[in-house]
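K.L.:
With the input below, show me the fold.
(one chain, ligands or ions: 2)
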Amino acid sequence: MAKDYYEELGVQRGAGADEIKKAYRKLARKYHPDVNPGDKTAEDRFKKISEAYGVLSNEEKRRQYDSVGHDAFVSGGQGYDFSGANFEDIRNTFGGGFDFDDIFGDIFGGGNRRASANRNRVMRGDDLYYNLRVPFYDVINGNEYELNVSHSVTCSECGGKGGEKKACPTCGGTGQTSRNKGGFFVSSVCSSCGGSGQVTVKQCGTCHGRGQVESKERIKVRIPKGVDKNSKIRVPGKGNAGLNGGASGDLYIVTNVQDHPVYRREGDNLYVDVEMDMFEAALGEKIEAPTPYGAVTLNIPAGTQPGQKFRLKGKGVPMLKGGGTGDLYLVMNVKIPAVAYEADRETLREMMKKYATNVREELLKKGKI
Ligand SMILES: [Zn+2]
Ligand SMILES: [Zn+2]
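P.N.:
Ligands and ions are numbered 1, 2, ... in the order given. Next up, the predicted model:
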């Protein structure tokens, strides 16, 4: 029989928290009653290692234990009394800050145990994220979606309590225990019930003590005009349900806005390439140009250059937080033909004499400076 908690866990006195946890983890897996059904020796051993871990994993308790020594600590009632406790109680004992899933996840299959370990703690539910594919035109017009969202909700069978409860026998329902320490009483949070003053008598059959069940819900979501890639739209209270009266988390719709084959977006502005012939660009032309709000007719002036931009005010993307609409830029892409017939070439040469700008001569002059 081990003479102290360190020996119980097989670690040195100076062992770090990680080492202690690791040692406990290993032993707990080996001796846990759920993996040794009906084995009284394993059960006793499990209680002992749990007791040792309960003290050594708690900084304050470990310090006390180290200073007074094993016998004094145990006889002073500062250890854990497991006599008559069932294993549900033992799980509850480690409720506060003890991640049962972490250690027993693969034994119990995870899920329920976490809620069980945290049974008495008020916890806000998790936020959920829903990735929604949003076509380009929703950015312009806004849209409404009905989404099938899977989240946890409070179990209606037990009202989230996880089952029938009764006053905790360890603390008599007060949530506090007090012990005599050198002539005066020190009170602390009851370790059996985590301070709630209640323990579960009969587990709820619907949620298996979790207090929550998974549920699908159709949720209407309004996608506002102007959303961008990875905009987050918050739907309050539609995340996972909280525990023990904790608030529900929120649902965030993350917009995965699709690219448009024609319009390029930069912030609130849009760009569209418009192709023109050299002749149109030279002579000027009335053209029809696309905008997300319908085609518009406009006069492109004579002498329009390749890459020149024309701004259509207010034909871009509506601003997400209001305050107007961005602009649409038409980017002129001028097509220049290779002239194949000699007669046409001659015509162009004649024109060149009139219209040539000698731009490169300017450049050569500037290049010397
Ligand atoms: Zn209690
Ligand atoms: Zn229930």
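K.L.:
ok, now which ones touch residue 274?
P.N.:
Applying Cβ atoms under 8 Å, 6 or more residues apart in numbering to residue 274 gives the contacts 287, 289, 330-333. C-betas here are computed from N, CA, C, even on glycine.
K.L.:
now swap in residue 224 and tell me
P.N.:
Listed by Cβ under 8 Å, 6+ apart, the contact partners of residue 224 are 142, 233, 320.
K.L.:
What count of nearby residues applies to the closest residue to residue 345 other than its chain neighbours?
P.N.:
Counting by Cβ to Cβ, 6 or more residues apart in numbering, residue 339 is the residue found nearest to residue 345 once chain neighbours are left out, at 5.3 Å. Counted with other Cβ atoms under 10 Å, the neighbours of residue 339 add up to 13.
K.L.:
And residue 220, by the same measure?
P.N.:
9.
K.L.:
which strands and helices sit next to the helix or strand where it lies?
P.N.:
For residue 220, the element it lies in under DSSP states H and E is strand 212-223. In this structure, strand 212-223 makes packing contacts with strand 128-134, strand 143-154, strand 231-235, strand 251-257, judged by 3 or more Cβ pairs under 8 Å, 6 or more residues apart in numbering; DSSP states H and E.
K.L.:
Between those strands, which one is closest to ligand 1.
P.N.:
Between ligand 1 and the helices and strands packed on strand 212-223, the tightest spacing by Cβ to the ion is seen for strand 143-154, at 23.7 Å.
K.L.:
Not counting its own residues, what contacts the helix or strand just after that closest one?
P.N.:
The helix or strand immediately downstream of strand 143-154 is strand 163-167, counting by DSSP H and E. The contact list for strand 163-167, computed with Cβ under 8 Å, 6+ apart, reads 173, 197-204, 209.
K.L.:
how about residue 35, secondary structure?
P.N.:
coil (DSSP: H, G, I helix; E, B strand; the rest coil).
K.L.:
ok, how many other residues are close to it?
P.N.:
When neighbours are defined as other Cβ under 10 Å, residue 35 has 14 of them.
K.L.:
didn't it look like it was pressed against residue 29?
P.N.:
Yes: Residue 35 is within contact range of residue 29, at 7.2 Å (criterion: Cβ atoms under 8 Å).
K.L.:
Parallel or antiparallel, which strands does the strand holding residue 220 pair with?
P.N.:
strand 143-154 (antiparallel) (DSSP bridges).
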